[in-house]
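**Student:** Provide a 3D model corresponding to the input given below.
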Amino acid sequence: MPDSQEPAFKPFISPKEKPREFTFRALLLGSIFGIIFGAVTVYVGLRAGLTVAASIPIAVLSISILRAFGRASILENNIVQTTGNAGQSIASGVIFTLPALVFLGFDLEYSRIFFLALIGGWLGVLFMIPLRRQLIVQEHENLKYPEGTACAEVLIAGERGGSFASRVFLGLGLGSLYTLFQNENLFKAWPGTPEFQPDFGPQHVLKGASIKADATPEYLGVGYIIGPKVAGVIFAGGVFSWLVLMPLIYFFGKELGHPLYPGTIPIEQMGPSQLWSTYIRPMGAGAVAASGLITLLRTLPTIVSALSAGFKNLRPGAAGNAKPLRTEDDLSMRTVVLGSLLLILFTFFFLQFKPVPGAYVGILPNLAAALLVVVFGFLFVTVSSRIVGLIGSSANPMSGMAIATLMATCAIFLVEGWTAPAYGALAITIGGIVAIAAANAGDTSQDLKTGYIVGSTPRYQQLALMIGVVVSTVAIGFTLNLMNTGLQEFREASQPWTLTASHPGVAVQNDVKHLPDQIHVLGPDKTSTTHPKSEYIVLNAIGSSELADGKYLYSPSTGKIEVQWIQGIGSEKAAAPQARLMATVINGILTRKLAWGLVLLGVFLVIAVELLGIRSLSFAVGAYLSIGTTLAIFCGGMVRWFIDAAAKKAGGDSADSESEISPGSLFASGLIAAGGIVGLCGVALKGYEATVGKGDILNFPHTFLDNNYVSVLAFAALAFSLYYFARKPLNQPKP
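**Tutor:** From the prediction side, this is the model:
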């Protein structure tokens, strides 16, 4: 077939029709959804290490909301979901990379997050514009773009009649009510994380292990959507780490009277959380790195074909100056080229004149960084767009692409001798922009596929995406900082310290603006004491043999480190596994100092899992995360298994329950949104309490509800509601 011949495809809305599309109300509603789902993605992604596509819930909600204000066209609803979906995709790229700055010992700045997300998001849209005709139009039959096609089905069903939104709102309402009482930052009427620490008999069998669940609606919803197979593999990783490895570490290490590197206290004195943070996280980082690279290698044929098609498509076409059809009207190549050049120049000037505090590197490295953003950015935008067309956004090996970017960047830095900590901050800046661009390009492709099926105007979608990027980045940076401060803890520590002596890997941090004026220090018995920050000097430890990585408060009056300052990001409540992995890769290459034994243990664990015929990425993420996260997700997967089994028993098709517009998936989307929104309100409340120096404002009285059994029963009741509403059919429109 000649190149000029287009596939014979007829969109739902003819190119000759011009219904309302790029309207103010569509952009406004889409922007609101972008802010909400961007913030929710940051919250859930940092905690669970997973993200869930937002385009279908946004489309469902848009149909109902715009219908309440008069007739809305299908193209108008598509602009809403296009604008709103930008928030979720940008947030995914941000949380997988930029929190690594915290692990590298630098502070998160709102302005930095905003501009890096903006640059990456816009590059993802601009680089995708010249690829649209090749990937979306000419390969319409080959590249299905599953989420984009499903979203188009929702929009078409909404145009024909019927309502899906009531199921989303039910999940949102029940999930919000549950979270209000369950969340430990709000009423905490019952324990948010019921836990059992086994310790049987005089031999202390299974001591060091822990069985617990973060009984939140968002984890339940995520587990349902990803299904029992993936949820089971993730939980298997958690079981291996928390019920096999950690008891094993305690069993062999309890007789040691001294710390075992990278630990700073003897194993016999460690609880499960300390064993996890000290020994399991480096192993998990190695596992995630290995599985990400294996996934990337597995998609090499797709990468090569994507690059080949992408470069061919950049050649000028033969269309001349003829005005294109409405459904073929893209932003011009001049806009793409000029916009990309301006963004790269802005990247250079931003790095040069607004470096990470304490991480200025000079003109040449910053210029190299801007050029690397172009090279890796276009490479992985092309790769990401084609991969999601074949296997969907959820299987996009974004972390693998980010790792490849960081490894190549750090290798260049190592050859040039650029190994100071400041270059680590520069490397994660490059990796962050590239990851954000690749993530947004993948979801941009899905949105453009939806638009192609329903008959949207590509130019309007591309403009809507760029508006969505700008609006959502406002909320993403704020949410990231809010979680870092709202979830932080100050725990009592007591370690003699000579400030004037040499301590490799430990430095005094002079910038303490993020340290609250009044510090609430938790003791071993959970009692709290308050101290002014003027009493302390902040120490920052990275790669020290004396202190675990992190920040500490040193008291000149006692000559001791008295407080461990645990940042919210990286804690058990917001583990940020991918970002931790990025920091591990950077440190491992630039400093050539790493707990290689633990990292390689994770690598060979992944190889063993691959040899069993299991895709290892889910297992690796589960091995890294807290079992509290993986067990709660597994519960959601089990609800889905019961739904599938009931459907088969009734003679139905389990594919109905697997559809992204099934009643269970819509209700689960509501649960995820509820957990994220109300959970963020709790984090904001904690941030306010820390700012004004007050204790628990919402102090729910201790009653019989404050019991682990109540927590389990309440979570079981929420799981049953998911089962019930997943079995209850929707009011489907007539074709």
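**Student:** before we move on, which element is residue 335 in?
**Tutor:** For residue 335, the host element (DSSP states H and E) is helix 333-353.
**Student:** elements contacting that helix?
**Tutor:** The helices and strands touching helix 333-353, judged by 3 or more Cβ pairs under 8 Å, 6 or more residues apart in numbering; DSSP states H and E, are helix 110-128, helix 363-391, helix 421-454. (C-beta placed from N, C-alpha, C; glycine too.)
**Student:** quick one, which of these is nearest to residue 333?
**Tutor:** helix 110-128 (10.2 Å; Cβ to Cβ).
**Student:** what's the closest of the helices and strands packed on helix 333-353 to residue 496?
**Tutor:** Among those, helix 421-454 comes nearest to residue 496, with 26.2 Å by Cβ to Cβ.
**Student:** May I see the helices and strands packed on helix 333-353 arranged in a markdown table, with distance to residue 341, mean pLDDT and mean neighbour count as well?
**Tutor:** Listed next are these as a markdown table, based on distance: least, Cβ to Cβ, whole Å; pLDDT from 0 to 100; neighbours: other Cβ atoms under 10 Å:
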| stretch | distance to residue 341 | mean pLDDT | mean neighbour count |
| --- | --- | --- | --- |
| helix 110-128 | 10 | 92 | 24 |
| helix 363-391 | 9 | 81 | 22 |
| helix 421-454 | 15 | 90 | 29 |
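**Student:** For the ones you listed, give me CSV that also has distance to residue 9.
**Tutor:** Output for the helices and strands packed on helix 333-353, formatted as CSV (distance: least, Cβ to Cβ, whole Å):
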stretch, distance to residue 9
helix 110-128, 20
helix 363-391, 15
helix 421-454, 8
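**Student:** related to what we said a few turns ago, run through who's touching the helix holding residue 335.
**Tutor:** By Cβ atoms under 8 Å, 6 or more residues apart in numbering, the residues outside helix 333-353 that reach it are 115, 119, 122-123, 126-127, 129-130, 363, 366-367, 369-371, 373-374, 426, 429, 433.
**Student:** Give me the angle between that helix and helix 421-454.
**Tutor:** On the basis of axes from the mean of the first three to the mean of the last three Cα atoms, to 10 degrees, helix 333-353 is oriented at 160 degrees to helix 421-454.
**Student:** which parts of helix 333-353 are buried?
**Tutor:** Neighbour counts over helix 333-353 (16 or more other Cβ atoms under 10 Å) mark 336, 339, 340, 343, 344, 347, 348, 350, 351, 352 as buried.
**Student:** can you map out the strands along the stretch 151-300 of the chain?
**Tutor:** 195-196, 211-212 (DSSP state E, counting those that start in this stretch).
**Student:** Pull up the pairing partners for the first one, direction included.
**Tutor:** The pairing partners recorded for strand 195-196 under DSSP bridges are strand 211-212 (antiparallel).
**Student:** what's in contact with the partner strand?
**Tutor:** Contacts for strand 211-212 (Cβ under 8 Å, 6+ apart): 193, 194, 195, 196, 197, 198, 242, 243, 626, 627, 628, 631.
**Student:** Check stretch 490-507 too.
**Tutor:** 508, 519-524, 537, 539-547, 552-554, 556, 559-566.
**Student:** the strands in the stretch 401-550 of the chain, which residues?
**Tutor:** Ranges of strands within the stretch 401-550 of the chain are 489-496, 506-509, 518-522, 528-532, 537-541, 550-555, based on DSSP E, counting those that start in this stretch.
**Student:** so can I have a markdown table of those strands showing mean neighbour count and mean pLDDT?
**Tutor:** Shown next, in a markdown table, are those (neighbours: other Cβ atoms under 10 Å; pLDDT from 0 to 100):
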| stretch | mean neighbour count | mean pLDDT |
| --- | --- | --- |
| strand 489-496 | 14 | 88 |
| strand 506-509 | 17 | 85 |
| strand 518-522 | 17 | 87 |
| strand 528-532 | 12 | 87 |
| strand 537-541 | 20 | 88 |
| strand 550-555 | 20 | 90 |
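**Student:** For the closest residue to residue 638 other than its chain neighbours, list the residues it contacts.
**Tutor:** Once flanking residues are discounted, residue 638 sits nearest to residue 228: 6.3 Å by Cβ to Cβ, 6 or more residues apart in numbering. Applying Cβ under 8 Å, 6+ apart, we find residue 228 in contact with 637, 638, 640, 641, 644.
**Student:** same question, residue 714
**Tutor:** 178, 181, 182, 190, 215.
**Student:** In this structure the last one contacts residue 195, no?
**Tutor:** No - counting by Cβ atoms under 8 Å, residue 195 is not a contact partner of residue 215; they are 10.7 Å apart.
**Student:** quick one, which of those two is more surrounded?
**Tutor:** Higher neighbour count among residue 215 and residue 195: residue 215, with 26 against 15, using other Cβ atoms under 10 Å.
**Student:** Now that one: phi and psi?
**Tutor:** phi -80, psi 70 (degrees, to the nearest 10).
**Student:** so how far is residue 66 from it?
**Tutor:** Here residue 215 is placed at a distance of 35 Å from residue 66 (Cβ to Cβ, to the nearest Å).
**Student:** Quick one: end-to-end length of stretch 697-714, please.
**Tutor:** Length of stretch 697-714, first residue to last, Cα to Cα, to the nearest Å: 24 Å.
**Student:** The closest residue to residue 188 other than its chain neighbours: neighbour count?
**Tutor:** Of all residues not flanking residue 188 in the chain, residue 700 sits nearest, at 6.1 Å (Cβ to Cβ, 6+ apart). Residues near residue 700, counting by other Cβ under 10 Å, number 14.
**Student:** State the three-state secondary structure for residue 700.
**Tutor:** coil (DSSP: H, G, I helix; E, B strand; the rest coil).
**Student:** got a list of what it touches?
**Tutor:** So residue 700 contacts 181, 187, 188, 189 (Cβ under 8 Å, 6+ apart).
**Student:** Tabulate those (JSON lines), appending distance to residue 36, neighbour count and pLDDT.
**Tutor:** Putting those into JSON lines (distance: Cβ to Cβ, whole Å; neighbours: other Cβ atoms under 10 Å; pLDDT from 0 to 100) gives the following:
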{"residue": "181", "distance to residue 36": "22", "neighbour count": "15", "pLDDT": "92"}
{"residue": "187", "distance to residue 36": "23", "neighbour count": "18", "pLDDT": "86"}
{"residue": "188", "distance to residue 36": "24", "neighbour count": "19", "pLDDT": "86"}
{"residue": "189", "distance to residue 36": "26", "neighbour count": "19", "pLDDT": "88"}
